[in-house]
Structures are given as structure tokens and as C-alpha cells.
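1. Sharing a model prediction with you, sequence too.
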Amino acid sequence: MTTEPDVPIEDNLAELDLIVPNLHRRYSGVTATNRMVAPKLAKRLRAAWFGSNPPDGIARLGVFDLLKTWRRRRPIIWHARRNNEMILGVLLRALGWPLKLVFTSAAQRHHSWTTRSLIRRMDAIIATSDLSASYLKRSATVIPHGVDTDIYAPPPDRAAAFAESGLPGRYAIGCFGRVRAQKGSDVFVEAMCRLLPNYPDFTAVLVGAIVPEQVVFANDLKQRIEAAGLQSRIIILGELEIAEVQRWYQRLTIYAFTSRNEGFGLTLIEAMAAGAALVAARAGAAELVVEDGVTGSLVPPGDAEALIAALEPLMDNPNAASAMGARGRARVVEKFSLDAEADRIASVYRTLV
């Protein structure tokens, strides 16, 4: 199965192999992982994106294009990643669309009755880790997320990359993701308030959206930062464009993954691919991705004391942090590339079509 991304999809509906739905307007981690792998899949089979936030490198499928595929004999893969996408796939198939339904689950918790019912209707299930697979109550193919190691890559000169930010110091330590308790933003801020007074060469950055329901939580973090007198050295940057987030990874010497719970935690492998030293809470895929003490350090979720203890040796010795970052980069290139993920997903599709 091959594709020609430059050919309009409406001219090739008879050859369409895959629809990638994204029925969630707000940009999320699920959207980010979907956007990264979809163009890689489009190089392996004729694919189209249906919904919001379409990436480059894959054709766009509109509603009228979708209607034209009704009762086509050749089956089409519909690869859902959310309940609403599963629901629409099930409904379309019931109405005569020739869909083979695939669902990817990253959740590490028991599913609701609704989700379990939908999962039973899928033709194939992919889980992003063994732990996620254990909650599915049916067989699944485990395929970890991957990252584009050409885009998420170390900079030619990390010191120069940080200097262009205009922030004080020589080194950056970051924590990316929506500012909220689930992401452990408060744990990161507490650790920084205690560590930064002893490490004047470091500046800390939080990158991620502050949604309306988290404004009170974010304001509390800002008050803690002000009380510590660190407003110029703990910076909450808010939501940034993807290209700017990628530049910020390249500015980091250390990355702190502080989530209390996660589905996968893509920022883990994004930071490692960019060559940042990693300290990660044991959430999401951290124990799958990180070789503790080699390609990163693992700590209990929500434990500021443990986070401080793991970060301090790296802040004491930025050269050791750089060496850890290089080992982390090598592991991601070997085990968690986007091409490897796309190849394995395409293999699942081939069992159905």
C-alpha cells in the first residue's frame, strides 16, 4: 500500500486505505501523538485526516469526501483514539460504510462501561504499553509511541540555544504539559523554589496551557514563586506553538517529568530525543522508556523530596547531565522512533485489510 500525498484525496477516494479521525478541537497530548504518526502512515498507505488540527504530509478528508465512500466494496481502516471517534466509526459502519475499526488506548486505569462496550466492537486494539493493555479485557497489540528523532534532536550548541531565550543563567530545566496537578506542576515548582537559590546558573521553565478551570491552581503556583523571590528564574511560558516548544526542548539541560498519572507521557521521549537529561516520575510509560540511572532517573510520583534528590546531582554536574542526555537520545533512536511506530501500526492494519 502506497500513497501520493500531493494528489488531492477527492481524486483518489476509491484507493483510500485509512481514515485518521481527530474529533477534538482542543490541542491535546492525544492530538499531538496522532499528528506525528499520521504523516508517517501516509507514506505507507493512502491515508486521510478527518477533523481538526490536521498535520502536513497527509491529505485532508472533508465531510462530503467521507459521504462518497459509503457502501464502497474495498474496506477502509478507521483508527480511533477517543470514545467519540469509536462511536462515530461504529455508527458509520452500521449505516453502510465499509470500515475496519481500530482503537489505540494509552489509559492506565479501568475503563468505563461505555468504553468497554465500544472496545468490544473494534476489529483490532493497540495499547501503548503492557500496563495499558492489561486494562482492556481483550487481546491487544502493544506499540509504544514514537517520536520524530530528526525534528526532536539536540541543537548544534545547547548553550547558544539557551542564550537566545534571553533568560538569566547558563542552563535551563523544564517541565512541559498543561499546568495542573495531574501533570505535577506543583511538585516541579516546589522543587525549583528549593533548588534554584543554590544554583544561580539555572533557570526553570514551565511550558503548557492554563485552561480556565486551572487558573486558581496556576495562580497559587505564581504566588509560591513570588514568595520565594524567583519570578525571574521560574518562568511559566503558557501554551506555545509546536515549533517553539521544539526549540525549548533544545534549550534544556535537564527535563523533569512530574506527572502523577499519564497515559503514555510523550514529553518523556521528546525531551530524551533532544538530548536533555531526564528525571521522571514513575507514571505513564516512564518505566518502559527509562533505564533508571542510565538514560534517566526514576522517582515516585508526587514526591518533591525524591525529585530534588534526583535533580541535584545533575544540577551540580551539567557535564554528567549532558552525558545522560546523550544516552537517552541513543535509546530513543534505537527503541522509540516514529518510523518504528508507524511500521508496527501498518502491520496491524494489514491483518484487517
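-> Perfect, thanks for sending it.
2. ok so R93 is a helix residue?
-> Yes - counting by DSSP: H, G, I helix; E, B strand; the rest coil, R93 is located in a helix.
3. Looking at stretch 220-233 now, give me its mean pLDDT.
-> Stretch 220-233 comes out with an average pLDDT of 97.
4. in it, what's buried?
-> Of the residues in stretch 220-233, those with enough neighbours to count as buried (16 or more other C-beta atoms under 10 Å) are L221, R224, I225, A228, L230, R233. Every C-beta, even on glycine, is put in place using the N, C-alpha and C of the backbone.
5. And that stretch, end to end?
-> 17 Å (C-alpha to C-alpha, to the nearest Å).
6. cool, stretch 203-218 as well?
-> Criterion C-alpha to C-alpha; first-to-last residue distance in stretch 203-218 is 19 Å.
7. same deal with stretch 290-297?
-> The straight-line separation of the ends of stretch 290-297 (C-alpha to C-alpha) is 7 Å.
8. mind listing what's buried in that stretch?
-> The neighbour-count check on stretch 290-297 (16+ other C-beta under 10 Å) flags V290, T295, G296, S297 as buried.
9. Of these, which is the nearest to P144?
-> Compare each of the buried residues of stretch 290-297 with P144 using C-beta to C-beta and the shortest gap goes to V290, at 12.4 Å.
10. any idea how far that closest one lies from A321?
-> V290 sits 15 Å away from A321, going by C-beta to C-beta, to the nearest Å.
11. returning to what we had before: got JSON lines for the buried residues of stretch 290-297, with pLDDT too?
-> Supplementary listing: the buried residues of stretch 290-297 in JSON lines, determined by pLDDT from 0 to 100:
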{"residue": "V290", "pLDDT": "96"}
{"residue": "T295", "pLDDT": "97"}
{"residue": "G296", "pLDDT": "97"}
{"residue": "S297", "pLDDT": "98"}
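12. out of these, which are inside strands?
-> S297 (DSSP state E).
13. Just the strands from the stretch 251-353 of the chain, written as ranges.
-> Secondary structure of the stretch 251-353 of the chain (DSSP state E, counting those that start in this stretch): strands at 252-257, 277-281, 297-299.
14. same question but for the stretch 1-150 of the chain, I mixed them up
-> Using DSSP E, counting those that start in this stretch, strands in the stretch 1-150 of the chain cover 18-22, 47-51, 59-60, 76-80, 99-105, 124-127, 141-142.
15. CSV for those strands, including mean pLDDT?
-> What follows is those, written out as CSV (pLDDT from 0 to 100):
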stretch, mean pLDDT
strand 18-22, 97
strand 47-51, 96
strand 59-60, 95
strand 76-80, 98
strand 99-105, 97
strand 124-127, 97
strand 141-142, 96
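16. now the buried residues of stretch 290-297 as TSV including distance to G146?
-> Conversion of the buried residues of stretch 290-297 to TSV gives the following (distance: C-beta to C-beta, whole Å):
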residue	distance to G146
V290	16
T295	16
G296	17
S297	23
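17. Now for the buried residues of stretch 290-297: which two are most distant?
-> In the buried residues of stretch 290-297, two members sit farther apart than any others by C-beta to C-beta. They are T295 and S297, at 9.3 Å.
18. Burial check on the closest residue to R344 other than its chain neighbours, number of neighbours?
-> Distances taken as C-beta to C-beta, 6 or more residues apart in numbering place I143 nearest to R344, at 4.6 Å, with adjacent residues excluded. Neighbours of I143 under the rule other C-beta atoms under 10 Å: 20.
19. On the three-state scheme, L206 is what?
-> Taking three-state DSSP, the label given to L206 is strand.
20. Contacts only, for it.
-> Taking C-beta atoms under 8 Å, 6 or more residues apart in numbering as the definition of contact, the neighbours of L206 are G174, C175, F176, V179, S185, F188, V189, I234, I235, I236, L237.
21. Return the distance of it relative to G265.
-> 16 Å.
22. Please apply the same query to P300.
-> To G265, P300 is 15 Å away according to C-beta to C-beta.
23. Neighbour count: these two, which is higher?
-> For the pair P300 and G265, the greater number of neighbours falls to G265 (26 against 12), based on other C-beta under 10 Å.
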